[in-house]
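> Turn this into a model:
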Amino acid sequence: MLHQDLTLEKWQKLSFFEQMANVGAEIGRAINWRQKDKEKSMAAFERGLELLDLTIESNKDRSKLTELCRAREMLADYFYFDNIYHSTDKQWEDYFYNFNYAVALKRD
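Below is the predicted model:
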């Protein structure tokens, strides 16, 4: 575990939108560090994957699981492999922004 104090039980107490907003924060860090410091970028990406894996593990909704697993595959392709899906930083930022927006709406 990269997040030393995080457990599945703690993670499950967050709403789906909060979970995905946290994943997005790590992916955002990975994107921001990508050109400046490859090591920091990959560390943030690994933390993001860990959170996404916890989200997948804690989710029983089949339609969400399909999207979560597809997002994981596309993120891995984007950061590790050949980017066969032609993802961009902006697309990932926009995707995760929506979860942050949903969390903000719930707080109001």
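
> and the one helix or strand Asp94 maps to, what does it pack onto?
Using DSSP states H and E, Asp94 falls within helix 89-107. For helix 89-107, the packing partners by 3 or more Cβ pairs under 8 Å, 6 or more residues apart in numbering; DSSP states H and E come out as helix 16-33, helix 62-80. Placement of C-beta: from N, CA and C, glycine included.

> quick one: average pLDDT of the first one?
pLDDT averaged over helix 16-33 equals 97, rounded to a whole number.

> Quickly note the distance from the nearest residue to Phe99 once chain neighbours are set aside to Gln35.
Closest residue in space to Phe99, ignoring its immediate chain neighbours: Met20 at 3.9 Å, by Cβ to Cβ, 6 or more residues apart in numbering. Separation of Met20 from Gln35 (Cβ to Cβ, to the nearest Å) stands at 25 Å.

> ok so, going back, could you report the neighbour count for the residue nearest to Phe99?
25 (other Cβ atoms under 10 Å).

> Enumerate every residue touching it.
Neighbour list for Met20: 55, 96, 99 [criterion: Cβ atoms under 8 Å, 6 or more residues apart in numbering].

> okay if I get those as CSV plus neighbour count?
Listed next are these as CSV, based on neighbours: other Cβ atoms under 10 Å:
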residue, neighbour count
Thr55, 22
Phe96, 22
Phe99, 20
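
> longest helix of the protein?
Looking across the chain with DSSP state H, the single longest helix is helix 38-58.

> helices and strands around that one, which ones?
Partner elements for helix 38-58 (3+ Cβ pairs under 8 Å, 6+ apart): helix 8-12, helix 16-33, helix 62-80.
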